[in-house]
Structure formats: C-alpha cells, structure tokens
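Engineer: kindly generate the corresponding structure for this input.
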Amino acid sequence: MQTQAVTSNKSSTASKWLIGCGIGCGVVILLLVFAGVGGYFFVKNIVEGFEETEAITDTLTERYGEIKDFCPDPGGAINAERLEVFLSVRNSMESVKEALESSINILSDEEDKSQFREEPSPGVLTKIKTGLEIIPLIAEFYTRRNQALLDGEMGLGEYYFIYVVSYYSWLGKSPADGLEYNLMVEDEEDRSVIRRRRRSENLEERKDDVLRKLHRQILPMMHNQFAKLTGIDISPIRDPWRERLEAEIAAMEADRFRLPWQDGLPDVLEASLEPFRVRFEAGYSKVLNALEMALE
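Structural biologist: Next up is the predicted model:
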C-alpha cells in the first residue's frame, strides 16, 4: 500500500507539471487508456524524468533560495557576465526547444486556412507518435535548463528576472504567448475534468494568470533591490535612480498586473541589455513561452 501511495504521489507530481505547462496533448491521454502494460512503462519513464527535474530544482533552491529571494543589482544594470550566463543557458536548450516546437505544432491541431498549403495535416498516427514523445521532451527541457543554471551558477530567480525584464518589459513580448490549445483542469463535485479550450477563448485569462504569478515573484525582488540600495547609499542627497526605483515599486504595489518597468526601462538597465539585443531576439520562442512561465 505504501509503494502504491508513493507511486501515486509521483504520478500526481508529473501531472501537475504537465497541466501547469498547458500542453494541448489530449491524444496522449486517449492513447494511454488503450496502451495497457506499455502505458505503465511510459508513465513510469515520465515520472522518472520529472523526478530528475525536481531534484535539480531542489538543488537550485537550496543554493540560491526561492525565486522571489533574488536581489537585482542595486545600481540598476545587469552585469554583462550574468547576461552571458543567461544566454548560454538558453543556447544549451536549443535542440530540445526545436523538437518541442515541432511537436507542439503537430499537436496544436490548428487549421491552416491558407489555400496554398503544400503539406497535408498530420494524421492520427503521427499525433499519437508525437504525443508519446512530447512529455519526455518537456522533462528534458526543464532538466537541461536547470542543469545549465547549476553549471552557470545562476539561480531560478535571476533567470526569471532577466527573462521578464528583457523579453516582456524591453522587447515587448507578450506574457500570454504560448500554445494554441491548453489542457484546462476544473473541479466538478470533487472530480478532475480535463477539457480543451481554444487560445482565443482564454488568451486574456492566461495573460492575467501569468501576470499575477510574475507579480508575486518580481515585486519582492524589487523590494530586495531597494533595500540593498538604501543600505549602501544612506546619503540624504537626492538620487534620481533611487527615486525612480521607489516609484516603480509603488506602481507595482498599486497594480497586481503590472510588469516591472513596463512604461520603459531605466537608461542604465537598457544600456546593459542593448549590446545583446540580437541574441535575445534570436533566443525567444513564442510557442515555448508558456513552458518558461511555469513558475510554481
């Protein structure tokens, strides 16, 4: 009985990862219903993949604290060496990112309305094969990223801070970027119900959800930054940077959907990012943004 309970808990953990990522692969669920013993080993491999991911995540948390514990540089800029680490981490995921993007495009089931479509829509067997491959790919995506963070001596908090400030606040990418379909989980009389909704139906809902989660993580970072800044600089002389940081914190406190520096980055911060613009643009994945924002 104890072994069954442990297995159940592990499977539940893997399920939460997948649902949190919003992966539109209901075909996998249907397949497993009919897969019997083969399905058991498939699920076992999935669970083990996410166990490795969680073990590395735990190590990151032990070493660098929770996401919200990160303290940005009190001077406002992001050191070039830290940006190099961030971009190196993203480069390390390139092959699995390409595989995931391809798989998600197949499973998204989006109708191509173009009259000049050159290739036929993927068939059921193709989707089943893709469905079998995509979940281990998701585990590999997180495992590679988090291992690269460990190797580069960067915590998840610093990674997310740079991601949010650079892609959302600076380059104008949308926090709602992601999949055309989501797996939605609802509770109806204590039963888990899984259904799919088109992106057009939940785009704003997704954006609000991501912004709320980001707000809970990023605002404490800004407080950490201000506390460190005022601890270093206790001069009564007027400091424009300190005043601007304080004003941004106040604006975020008044609006739980506000991104940091969404009205424009401070010059010192933008100047530190500008030399890396091309590499940041090249490293962004609109499709995989939803995976990146699985903060909890």
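
Engineer: residue 86 and residue 79: what is the separation?
Structural biologist: If you measure residue 86 against residue 79 using CB to CB, to the nearest Å, the figure is 11 Å. (Glycine included, C-beta is placed from N, CA and C.)

Engineer: right, I mislabeled it, should have said residue 292
Structural biologist: On the measure of CB to CB, residue 292 and residue 79 end up 22 Å apart.

Engineer: looking at these two, which is more packed in?
Structural biologist: Between residue 292 and residue 79, counting by other CB atoms under 10 Å, residue 292 is the more crowded of the two (23 against 11).

Engineer: ok, that one - contacts?
Structural biologist: 163, 285 (CB atoms under 8 Å, 6 or more residues apart in numbering).

Engineer: cutoff 7 Å now
Structural biologist: Going by CB atoms under 7 Å, 6 or more residues apart in numbering, residue 292 touches residue 163.

Engineer: make 40 the first number, not 1, from now on.
Structural biologist: With 40 as the first residue, the last one maps to residue 331.

Engineer: now for the helix or strand containing residue 263, which elements pack on it?
Structural biologist: Per DSSP states H and E: residue 263 is located in helix 238-271. On a contact count with 3 or more CB pairs under 7 Å, 6 or more residues apart in numbering; DSSP states H and E, helix 238-271 meets helix 195-202, helix 279-293.

Engineer: got the angle between the longest one and helix 238-271?
Structural biologist: Using axes from the mean of the first three to the mean of the last three CA atoms, to 10 degrees, the interaxial angle of helix 279-293 with respect to helix 238-271 works out to 140 degrees.

Engineer: can you check the shortest one too?
Structural biologist: With the same axes, to 10 degrees as the criterion, the two stretches helix 195-202 and helix 238-271 enclose an angle of 110 degrees.

Engineer: ok, and what's touching helix 195-202?
Structural biologist: Residues contacting helix 195-202 (CB under 7 Å, 6+ apart): 99, 103-104, 106-109, 111, 117, 121-122, 125, 128, 188, 256-257, 260, 331.

Engineer: hmm, which of those residues are the buried ones?
Structural biologist: Using 16 or more other CB atoms under 10 Å as the burial test, the contacts of helix 195-202 include 99, 103, 106-107, 109, 111, 117, 121-122, 125, 128, 188, 256-257, 260, 331 as buried.

Engineer: quick one, helices of the stretch 40-189 of the chain?
Structural biologist: 41-60, 65-74, 76-103, 119-131, 133-146, 163-191 (DSSP state H, counting those that start in this stretch).
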